[in-house]
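Engineer: Need coordinates for the below:
(one chain, ligands or ions: 2)
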Amino acid sequence: MSREAGRRPGTVVRRRQNGGVTAEPRPWLAPTATGPVTTTVRLPGSKSMTARALILAALADGPSVIEAPLRARDTVLMASGLRALGVEVDTSADDRWTVTPGPLRGPARVDVGLAGTITRFLPPAAALAEGVVEFDGDPHMRKRPLRPIVAALRSLGVTVGASPIDGLPLTVHGTGVVEGGEAVIDASASSQFVSGLLLSAARFAKGLTLRHEGPPVPSAPHLRMTAHMLRAAGAVIDDSVADVWRVEPGPLHGRTWVIEPDLSGAAPFFAAAAVTGGAVTLAGWPADSWQPVDQAIGIFRALGAEVTRSAEGLTVRGTGTLRGITADLSEVGELTPVVAALAALAEGPSELRGVEHIRGHETDRITALATELSRVGAEVTEFRDGLRIAPGAPRGATFETYADHRMAHAAAVIGLAVPGVHLTDVGCTSKTLPEFPELWAGLVARS
Ligand SMILES: O=C(O)C1=C[C@@H](OP(=O)(O)O)[C@@H](O)[C@H](O)C1
Ligand SMILES: C=C(OP(=O)(O)O)C(=O)O
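Structural biologist: Ligands and ions are numbered 1, 2, ... in the order given. A predicted model of the protein is given here:
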């Protein structure tokens, strides 16, 4: 793949806009399976773990190594953002990145692309820099929620300039020191607000006591991942009280991070086994995972698939039965597009709820799924916090991807069973898995 920050492989870069790269869309006909898909896939590292490892390594007291990182638009832009702040990040080797921290400094400009992780994790770290750091990204990133983390940073003594809606473009006026202390936040729109503040909090003079007030925080497993990785870096964090997190001031240590294969990126591949009655093994799956594997296994089993773990990895096996499900996906909102695609191919109706926050993801995923799954023949009812999906007579159609990698995954899953599903752009999968089109074509070719 291209090594240039943010560039989608195989696409022509036309112009730079708002600090992001605008590329020609890459239309794609989703391949249809001719039989069961049975294979073992090796997928790159978790986006969420790679992002956290990069931030923690940049704030550490010595060098770190990140083994098996994800090289994709979100993480390449994160590495570039840290470099702009004075951190040495060597990403020349595919399986081993090194990070050598240095004094953080502006002036700097950071292109966040369409990455929630960069937009919410980097400004708190930039507040520790001396100088002005400007953030901007893709046009849609300007619409994604940011206000609560901007307000929390201000309440912790950081000077932040933002657009009238407290979103991008954002300017952090770092003084080299963040006082820290206590802050209250409504993180119901994204768990990343909490993770972003906690990841830098050990470096605040008074540490941080953060209290959430508002409707429930989604994506709880991502908050546990944050606490786990902070502890692994030597931070003292108390997350024993619901909706309250305390990080003591203190050093973060450089270390070797070993990144697990990306579970959310694996979801469409597992779905291929469920749809075709095949078996897909994700190689290199660890015995103990920091990702929400139990939730993912529960969903695939409820849909009718068998899931096993062995020395070879994590295997999902289709049984020929694809049941409709009723599920609260609030803990694993990013799985919604693939689960919704499976629901559209199932034997009965499904109800997927608890995911109002995914309206603030790469696109409004609830409306996007309702629109696109209807186009391919499902009967869809849209709720504020989810979808009811009744499979209808499936038909090929043009499936809009909205620059959203997981909408592209959903379309690819439908295309396995329904000929003639044309994605408006498969290039958007470069956000988390630039190799997706080739890996997927190879997978289906083995059916
Ligand atoms: O912390 C993280 O790495 C993430 C948290 C979740 O965000 P939300 O809580 O905004 O859904 C998830 O959807 C996103 O893909 C990654
Ligand atoms: C919501 C997602 O990404 P982001 O990190 O940009 O929020 C996602 O990957 O599904």
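Engineer: do you know how far V247 is from A57?
Structural biologist: For V247, the distance to A57 (Cβ to Cβ, to the nearest Å) stands at 17 Å. No exception for glycine: its C-beta is placed from N, CA and C like everyone else's.
Engineer: again, but for F135
Structural biologist: 20 Å.
Engineer: neighbour count winner among those two?
Structural biologist: A57 (28 against 25; other Cβ atoms under 10 Å).
Engineer: mind checking which helix or strand the more buried one is in?
Structural biologist: helix 47-58 (DSSP states H and E).
Engineer: for that helix, packing partners?
Structural biologist: strand 64-67, helix 73-84, strand 96-100, helix 116-126, helix 192-201, helix 220-232, strand 256-258 (3 or more Cβ pairs under 8 Å, 6 or more residues apart in numbering; DSSP states H and E).
Engineer: Would you mind giving those as JSON lines with distance to P164 and mean pLDDT added?
Structural biologist: Conversion of the helices and strands packed on helix 47-58 to JSON lines gives the following (distance: least, Cβ to Cβ, whole Å; pLDDT from 0 to 100):
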{"stretch": "strand 64-67", "distance to P164": "37", "mean pLDDT": "98"}
{"stretch": "helix 73-84", "distance to P164": "24", "mean pLDDT": "98"}
{"stretch": "strand 96-100", "distance to P164": "36", "mean pLDDT": "98"}
{"stretch": "helix 116-126", "distance to P164": "17", "mean pLDDT": "98"}
{"stretch": "helix 192-201", "distance to P164": "19", "mean pLDDT": "98"}
{"stretch": "helix 220-232", "distance to P164": "29", "mean pLDDT": "98"}
{"stretch": "strand 256-258", "distance to P164": "38", "mean pLDDT": "98"}
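Engineer: before we move on, the earlier item: got the angle between the helix holding A57 and helix 220-232?
Structural biologist: 30 degrees (axes from the mean of the first three to the mean of the last three Cα atoms, to 10 degrees).
Engineer: and helix 47-58, C-alpha only, in CSV?
Structural biologist: Extracted C-alpha coordinates of helix 47-58, given in CSV (Å, rounded to 0.1, in the frame of the first residue of the first chain):
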residue,chain,number,x,y,z
LYS,A,47,-7.1,0.2,15.1
SER,A,48,-8.1,1.0,18.7
MET,A,49,-5.0,-0.7,20.2
THR,A,50,-2.6,0.8,17.7
ALA,A,51,-4.0,4.3,18.3
ARG,A,52,-3.7,4.0,22.1
ALA,A,53,-0.2,2.5,21.9
LEU,A,54,0.9,5.4,19.7
ILE,A,55,-0.4,8.0,22.2
LEU,A,56,0.9,6.2,25.3
ALA,A,57,4.3,5.7,23.6
ALA,A,58,4.5,9.4,22.7
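Engineer: how close does the closest residue to ligand 2 within the stretch 251-400 of the chain sit to R42?
Structural biologist: Using Cβ to the nearest ligand atom, the single residue of the stretch 251-400 of the chain nearest to ligand 2 is E334, 3.5 Å away. To R42, E334 is 21 Å away according to Cβ to Cβ.
Engineer: residues in contact with E347?
Structural biologist: With contact taken as Cβ atoms under 8 Å, 6 or more residues apart in numbering, E347 is in contact with 321-324, 391.
Engineer: Let's see that with 10 Å instead.
Structural biologist: 304, 321-324, 391 (Cβ atoms under 10 Å, 6 or more residues apart in numbering).
Engineer: Next one: it from ligand 1, what distance?
Structural biologist: 28 Å (Cβ to the nearest ligand atom, to the nearest Å).
Engineer: Can you verify that residue is assigned to a helix?
Structural biologist: No: according to DSSP: H, G, I helix; E, B strand; the rest coil, E347 belongs to no helix; its state is coil.
Engineer: And the pLDDT for I165?
Structural biologist: pLDDT recorded at I165 is 84.
Engineer: what residue ranges in the stretch 251-400 of the chain score low on pLDDT?
Structural biologist: Nowhere does the stretch 251-400 of the chain drop to pLDDT under 70.
Engineer: which residues in it form helices?
Structural biologist: 263-276, 293-302, 336-344, 365-375 (DSSP state H, counting those that start in this stretch).
Engineer: now the angle from the shortest one to helix 263-276?
Structural biologist: Going by the same axes, to 10 degrees, helix 336-344 is angled at 10 degrees with respect to helix 263-276.
Engineer: Would you mind splitting the chain into its domains for me?
Structural biologist: What automatic domain parsing lists as the domains of the chain is 13-43+261-445, 47-258.
Engineer: Spell out which parts of the stretch 251-400 of the chain neighbour ligand 2.
Structural biologist: Within the stretch 251-400 of the chain, the positions lying close to ligand 2 (Cβ under 6 Å from any ligand atom) are 334, 361-362.
Engineer: Measure how buried the residue nearest to V275 when sequence neighbours are not counted is and give me the count.
Structural biologist: Counting by Cβ to Cβ, 6 or more residues apart in numbering, V275 lies nearest to L416, which is 5.0 Å off, once chain neighbours are set aside. L416 has 25 neighbouring residues, counting by other Cβ under 10 Å.
Engineer: where does L416 fall, helix, sheet strand or coil?
Structural biologist: With three-state DSSP as the criterion, L416 reads helix.
Engineer: Cross-check the contact I'm expecting between it and V280.
Structural biologist: No: counting by Cβ atoms under 10 Å, L416 stays clear of V280, with 11.7 Å between them.
Engineer: Find residues that contact each of those two.
Structural biologist: 37, 268, 271-272, 274, 443.
Engineer: which of the residues you listed count as buried?
Structural biologist: 37, 268, 271-272, 274, 443 (16 or more other Cβ atoms under 10 Å).
Engineer: from these, which is closest to ligand 1?
Structural biologist: Taking the buried ones among the shared contacts of L416 and V280 together and measuring to ligand 1 by Cβ to the nearest ligand atom, the closest member is P268, at 14.6 Å.
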